[in-house]
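Engineer: Need coordinates for the following:
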Amino acid sequence: KQQINPHFLFNSLGILDYLVQEHETERASAFIRKLAGIYRYMLSNDTKPLVKLSDELDFTEQYIDLLKERFTEGMIVEIDIDKEFKDMMVVPCALQLLVENATKHNIVSIESPLHISIRIEDEYLVVRNNLQPRSHGQPSTHLGLANISRQYLDITHRDIEILKSETEFVVKLPIV
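Structural biologist: Numbers count the residues shown, from 1 in each chain. Now for the predicted structure:
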């Protein structure tokens with residue numbers, strides 16, 4: 001979890017810098033308020049091993065809203081979770097990290113939209129995105145995925161599943 005906070009802040013500051021450079025002061029101010037709300041969630045759940053899926057989804061939707069401040073077009077996120085699963089538990093900030101990784105490692109543009117799908121399949125929260133790697137992107141350290149995996153193994157004794165093909169990247173998080 002300690003890896004997530006600095007990483008998240010670094011990327012958020014990049015988005016804020018973009019808004020300032022574009023002289024979007026009102027959007028930058030709204031972004032700061034939204035960012036503060038997200039950090040409240042992160043701080044209030046920092047010591048919790050698990051959170052309700054409904055809370056994690058709300059948090060992730062707020063994060064996606066922040067991403068759309070920078071990627072106004074070219075990012076399509078579909079969340080399809082039935083109400084019956086909303087009381088299930090997940091590791092806090094894991095879903096947000098997967099969305100962040102998708103935007104960090106893939107092209108996000110109107111010409112090449114990034115599609116992210118979030119749904120329940122069997123006993124997993126599944127995050128799927130199309131693969132369109134950035135040519136100048138940072139190489140992945142897989143540290144975020146390793147940290148999520150470790151948390152799931154420690155807490156639930158179940159590991160995450162990572163599937164990669166030529167066209168998509170899929171991560172399955174166990175739900176408790």
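Engineer: can you list contacts of the longest helix seen in the chain?
Structural biologist: Determined from DSSP state H, the single longest helix within the chain is helix 25-44. Contact with helix 25-44 is made by 4-5, 8, 12, 15-16, 19-20, 55, 59, 62-63, 65-66, 69, 92-93, as judged by Cβ atoms under 8 Å, 6 or more residues apart in numbering. The way it works is simple: take the backbone N, C-alpha and C, and place the C-beta from them, glycine included.
Engineer: Please convert the buried members of those into ChimeraX selection syntax.
Structural biologist: Filtering the contacts of helix 25-44 down to the buried ones (16 or more other Cβ atoms under 10 Å) takes a single ChimeraX command:
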select :4,8,12,15,16,19,55,59,63,66,69,92,93
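Engineer: Narrow the contacts of helix 25-44 to those in helices?
Structural biologist: Within the contacts of helix 25-44, residues falling in helices by DSSP H are 4-5, 8, 12, 15-16, 19-20, 55, 59, 62-63, 65-66, 69.
Engineer: Now the longest helix of the chain - C-alpha only, CSV.
Structural biologist: Provided in CSV are the C-alpha atoms of helix 25-44 (Å, rounded to 0.1, in the frame of the first residue of the first chain):
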residue,chain,number,x,y,z
THR,A,25,-7.3,27.0,-14.0
GLU,A,26,-10.9,26.2,-13.2
ARG,A,27,-10.4,22.5,-14.2
ALA,A,28,-7.2,22.5,-12.3
SER,A,29,-9.0,23.8,-9.2
ALA,A,30,-11.7,21.2,-9.5
PHE,A,31,-9.0,18.5,-10.0
ILE,A,32,-7.3,19.5,-6.8
ARG,A,33,-10.7,19.2,-4.9
LYS,A,34,-11.3,15.8,-6.4
LEU,A,35,-7.8,14.7,-5.7
ALA,A,36,-8.2,15.7,-2.0
GLY,A,37,-11.4,13.5,-1.9
ILE,A,38,-9.5,10.6,-3.3
TYR,A,39,-6.7,11.0,-0.8
ARG,A,40,-9.3,11.0,2.0
TYR,A,41,-10.4,7.6,0.8
MET,A,42,-6.8,6.3,0.6
LEU,A,43,-5.9,7.6,4.1
SER,A,44,-9.1,6.3,5.7
